[in-house]
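>>> based on what follows, work out the 3D shape:
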Amino acid sequence: MKQKKAQMKIQQMAFMLLAVTLFFVFVGLFIFMIAYSGLKDSASTLEEKNALLLVTKLANSPEFSCGGSFGNEKTNCIDADKVMALKTNSNKYSNFWGVDSIEIRKIYPVAYGVRVECTLTNYPQCDIIKILDNGISSEFSNFVSLCRKENIEGKVHDKCEIAKITVSYGGDNE
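Residues are numbered from 1 along each chain as shown. The predicted structure follows:
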């Protein structure tokens, strides 16, 4: 009789230890879930921030930027003439920036009813300059000044327009 009672106490103790262990495992999992619940949102926010920084970095890179050619050093200013020269050699730069596509689209002033992609034959009477076009994944954009030199009545003038530079990349190209 005493032996059965002792066995019963041992079984109760084993079940109690198992229950306490499971309780702490569940509490640990709950704390873990709360601590890491915002991790995915933080990662996507960080990815978006990095992409916007990449767009600004591209706009201010030597291949795109106006530099000192339009007066003072301007930020987020893209030289349209440089970009058109770059567009003709874009296959050489396909892996240089680590992005899938780069597109510059004039926003203001709107000169034409239909959006026209720029080529060497229709430049500057066009709206869209596609430098790279390897498909679209995650798109991020920023507003920039799109400037070029224009000859009006024998005098060279600076002409700047508002544009939007859009960069698409998969996020794993960094």
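
>>> let me see the ranges of the helices in the protein.
Taking DSSP state H as the criterion, the chain contains helices spanning 2-35, 39-59, 80-88.

>>> nearest to residue 127, of those helices?
Nearest to residue 127, of all the helices of the chain, is helix 80-88, at 11.4 Å by Cβ to Cβ. (Each C-beta comes from the backbone N, C-alpha and C, glycine too.)

>>> same for that closest one, what does it pack against?
On a contact count with 3 or more Cβ pairs under 8 Å, 6 or more residues apart in numbering; DSSP states H and E, helix 80-88 meets strand 128-133, strand 138-152.

>>> highest mean neighbour count out of the helices of the chain?
helix 80-88 (a mean of 17; mean count of other Cβ atoms under 10 Å).

>>> tilt between that helix and strand 138-152?
Orientation note: helix 80-88 sits at an angle of 120 degrees relative to strand 138-152 (axes from the mean of the first three to the mean of the last three Cα atoms, to 10 degrees).

>>> how far away from the center of its chain is helix 80-88?
22 Å (Cα atoms, centre = their mean, to the nearest Å).

>>> show me this structure divided up by domain.
1-37, 40-169 (automatic domain parsing).

>>> what's the least confident stretch among those?
The weakest mean pLDDT among the domains of the chain belongs to domain 40-169, with a mean of 81.

>>> now do the same contact list for the most centrally placed residue in the chain.
Central residue of the chain (Cα atoms, centre = their mean): residue 51, 2.5 Å from the mean position. Applying Cβ atoms under 8 Å, 6 or more residues apart in numbering to residue 51 gives the contacts 138, 140, 167, 169, 171.

>>> 6 Å - rerun?
Contacts for residue 51 were tallied using Cβ atoms under 6 Å, 6 or more residues apart in numbering; they are residue 140.

>>> now do residue 82
By Cβ under 6 Å, 6+ apart, the contact list for residue 82 is empty.

>>> measure it to residue 62 for me?
9 Å (Cβ to Cβ, to the nearest Å).

>>> so what's residue 75 closest to, chain neighbours aside?
Nearest residue to residue 75, sequence neighbours excluded (Cβ to Cβ, 6 or more residues apart in numbering): residue 60, at 6.0 Å.

>>> tell me which of the helices of the chain lies nearest to residue 156.
helix 80-88 (11.8 Å).

>>> okay but residue 59 is in contact with residue 76, surely?
Yes. Using Cβ atoms under 6 Å, residue 59 makes contact with residue 76 at a distance of 5.0 Å.

>>> what residues are shared contacts of these two?
The contact lists of residue 59 and residue 76 share residue 144, where a contact means Cβ under 6 Å, 6+ apart.

>>> many thanks, have a good one.
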